[in-house]
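Visitor: Using only what follows, build the 3D model:
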Amino acid sequence: MIVSVFKTSIKEEDIGKINFVLKNAPTIHRWSFDLDDCDRILRAESIVEVKEEVCQLMKCLDIWCEELT
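Guide: Presented below is the predicted three-dimensional model:
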């Protein structure tokens, strides 16, 4: 399983729409948020690399997203 970690601009009110979009993304199996972290962390678990997919999905929701390396 690949765990990708992203620095984001997610706000509490974004969680519902993000959950809906990620639930419908077939390559992403599990995800979690850490909004208490200063980087507003999004973690995504998948079998394949999903960096581009997650960043594109967040961009469509008008959420800034960058993978942490």
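
Visitor: Show me where this structure has its helices.
Guide: For the chain, the helices defined by DSSP state H occupy 15-23, 51-60.

Visitor: what's the most buried one of those?
Guide: Most buried of those, by mean neighbour count (mean count of other C-beta atoms under 10 Å): helix 51-60, with a mean of 16. Where you see a C-beta, it was placed from the backbone N, CA and C, and this is true even at glycine.

Visitor: quick check: angle from that helix to helix 15-23?
Guide: Angle between the axes of helix 51-60 and helix 15-23 is 140 degrees (criterion: axes from the mean of the first three to the mean of the last three C-alpha atoms, to 10 degrees).

Visitor: Mind pulling the model confidence for the residue nearest the centre of the chain?
Guide: In the chain, the residue lying closest to the centroid (C-alpha atoms, centre = their mean) is Leu42, at 4.5 Å. For Leu42, the model assigns a pLDDT of 98.

Visitor: Next: the one 5 residues further on.
Guide: On pLDDT, Ile47 comes in at 94.

Visitor: Same question for the one 4 residues further on.
Guide: pLDDT for Lys51: 95.

Visitor: and stretch 12-31, how far apart are its ends?
Guide: 15 Å (C-alpha to C-alpha, to the nearest Å).

Visitor: So Asn19 versus Cys38, what's the distance?
Guide: 22 Å (C-beta to C-beta, to the nearest Å).

Visitor: sorry, back to before: the residue nearest to the centre of the chain touches Trp31, doesn't it?
Guide: Yes - judged on C-beta atoms under 8 Å, Leu42 makes contact with Trp31 at a distance of 6.5 Å.

Visitor: Could you give the number of residues near Met31?
Guide: Rather than Met, residue 31 is Trp. Per other C-beta atoms under 10 Å, the neighbour tally for Trp31 reads 20.

Visitor: out of everything not next to it in sequence, what's closest to it?
Guide: Closest residue in space to Trp31, ignoring its immediate chain neighbours: Ala44 at 4.7 Å, by C-beta to C-beta, 6 or more residues apart in numbering.
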